[in-house]
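**Student:** Structure, please.
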Amino acid sequence: MPVPEDAYHPQRSQYNSTQILAKMADYVGKSDVDIALGVTHVDLYASGLNFVFGEAQRPGKVALISLFRLRPEFYGRSANEKLFHERAVKEAVHEVGHTLGLGHCHDSSCVMFFSNSIFNTDAKRSMFCEKCSLLLRSM
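**Tutor:** Numbers count the residues shown, from 1 in each chain. Here you go, the predicted structure:
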């Protein structure tokens, strides 16, 4: 699915993730897909936030992540594909966790911890903590 141009905010030079999610939901429609994860290279923001690494319906069928701020080069660092891949996996698992009904976790090492910066993403694991794992099993 192409990135919807009407989600672009020229003053911010960013795309509204909530608008893209709505278009994704329409695109996926009533298909047999359980969960659709969109991956984009554009910079995202959501209402009230300077940027987001991703957004998802909670619970729902669609989730979205952006690779834009996950590359070390964005922060003036040398390219590091391993670190980039780890960040992308963490953000993807996080957003899919939301589609399954999980909220943000208070455990800073849990993948469901809210990443306010790339430092939060780097500090957390790519797995659910015990509490979030139990919640998933009980849903």
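
**Student:** tell me the centre residue of the protein?
**Tutor:** Central residue of the chain (Cα atoms, centre = their mean): residue 54, 2.6 Å from the mean position.

**Student:** For it, give the beta-bridge partners.
**Tutor:** For residue 54, the beta-bridge partners are residue 65 (DSSP bridges).

**Student:** Please tell me the pLDDT value assigned to it.
**Tutor:** On pLDDT, residue 54 comes in at 98.

**Student:** again, but for residue 1
**Tutor:** At residue 1, pLDDT is 89.

**Student:** Pull the contacting residues for it.
**Tutor:** 23-24, 27, 38 (Cβ atoms under 8 Å, 6 or more residues apart in numbering). For every residue, glycine as well, the C-beta is placed using N, CA and C.

**Student:** ok, residue 123 - how many residues close by?
**Tutor:** 13 (other Cβ atoms under 10 Å).

**Student:** Identify the spatial nearest neighbour of it, chain neighbours not counted.
**Tutor:** residue 108 (6.2 Å; Cβ to Cβ, 6 or more residues apart in numbering).

**Student:** Settle this for me: the one you found is touching residue 124, isn't it.
**Tutor:** Yes - using Cβ atoms under 8 Å, residue 108 makes contact with residue 124 at a distance of 6.4 Å.

**Student:** Cool, thanks, talk later.
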